[in-house]
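Peer 1: sequence first, predicted coordinates after that:
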Amino acid sequence: MAKARCPASCGELIQGWILGGEKLISCPVNWFSEVSVTDGVPGKDERPRMRQMMKTVLAYFGLSVEMARGLRLSFTSTIPVAKGLASSTADIAATALATARYFGETLDETTLAGFCVQLEPTDSTLFSQLTLFDHQTAATQIACDWQPSIDILLLESRETLITADYHRLDRHPVLLENAAVLEHAWRLFCQAVTTQNCWRLGEATTLSAQASQKLLVKPAFDSLLELVERSGIYGLNVAHSGSIVGLLCDRRHHDVEYLCWWLKHRGITRFYPRQHLLTMIPGGVR
């Protein structure tokens with residue numbers, strides 16, 4: 001047996017038209033998809049593209065894709081699907097590394113990223129560092145040498161959205177319209193990395209979230225911005241192709257109970273009935 005696991009992402013820290021094309025920086029959190037590869041008959045509960053990824057890895061190592069018929073994929077996941085939490089990226093990235101490990105091999109992050117984007121737009125959670133990533137071609141991979149110490153109160157909506165459906169939208173005009181805003185968000189993000197400043201990071205993520213409202217509206221967004229100002233937390237971020245919102249904070253210094261009370265008091269929980277206190281963690285497939 002061989003195993004691998006990949007973290008979820010609480011949406012994106014920033015996403016939009018940056019450095020000449022649409023790119024993103026994922027926000028890895030401590031939810032995981034874990035995949036195991038064993039001898040056996042393929043099961044019926046595999047998620048989309050997992051077996052396709054297995055065959056891609058077999059071919060890469062010069063093995064017959066027919067070998068996949070004798071291999072069983074099993075998985076466990078704590079990641080809600082179709083919410084903008086990178087569940088699919090976690091599934092296929094973990095499948096790739098578990099398959100490689102089964103045959104005594106490994107995959108570097110750049111190769112893994114190339115495999116993933118062949119199958120679908122991919123989150124940058126498969127990189128160990130926060131990475132500006134061209135999620136459709138993998139042509140851009142700019143790693144950032146900082147791991148913020150941040151907690152996230154994740155607000156989970158009932159709404160679901162398949163990422164592929166989002167990418168079928170005609171987003172190009174709005175992306176170009178917001179290009180200057182996202183370039184500013186990217187500069188703020190780079191300043192946050194250089195100075196290791198969580199407040200500056202929150203400025204960048206909030207700016208990107210505001211721009212995203214023109215593409216995919218999050219309910220009660222203005223009220224959530226008000227909560228950021230009132231509570232003094234770092235900022236908020238969103239799933240740019242999903243339905244969740246993250247409140248960026250530090251549970252040691254910010255009153256998470258107050259955040260939860262305020263959300264309920266203002267009626268925001270009717271849009272986001274489930275809240276989860278998570279931690280931003282390093283990305284990468286383990």
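Peer 2: All right, it came through fine.

Peer 1: for the rest of this, base every contact and every neighbour count on C-alpha atoms.
Peer 2: Noted.

Peer 1: identify the residues contacting V228.
Peer 2: Shown in contact with V228 (C-alpha atoms under 8 Å, 6 or more residues apart in numbering): Y234, G235, L236, L247.

Peer 1: show me what secondary structure element comes after the worst-scoring helix or strand of the chain on mean pLDDT.
Peer 2: Least confident helix or strand of the chain, by mean pLDDT, DSSP states H and E, is helix 163-167 with a mean of 73. Where DSSP states H and E defines the elements, the next helix or strand beyond helix 163-167 is helix 172-177.

Peer 1: okay, helices next: where are they in this protein?
Peer 2: 50-60, 87-102, 109-119, 163-167, 172-177, 179-195, 198-212, 221-231, 256-265 (DSSP state H).

Peer 1: confidence-wise, which of those helices is weakest overall?
Peer 2: Lowest mean pLDDT within the helices of the chain: helix 163-167, a mean of 73.

Peer 1: mind listing what's buried in it?
Peer 2: Using 16 or more other C-alpha atoms under 10 Å as the test for burial, helix 163-167 gives T163.

Peer 1: which one among the contacts of V228 gets closest to P173?
Peer 2: L236 (24.7 Å; C-alpha to C-alpha).

Peer 1: can you pull the contacts of the closest residue to that closest one other than its chain neighbours?
Peer 2: Leaving out its chain neighbours, the residue that sits closest to L236 by C-alpha to C-alpha, 6 or more residues apart in numbering is L247, at 4.5 Å. By C-alpha under 8 Å, 6+ apart, L247 lies in contact with I152, L153, L154, L155, V228, I233, Y234, G235, L236, N237.

Peer 1: relative to E66, which of those is nearest.
Peer 2: L154 (41.8 Å).

Peer 1: isn't that closest one right next to P273, touching?
Peer 2: No: using C-alpha atoms under 8 Å as the test, L154 is too far from P273 to be in contact (10.8 Å).
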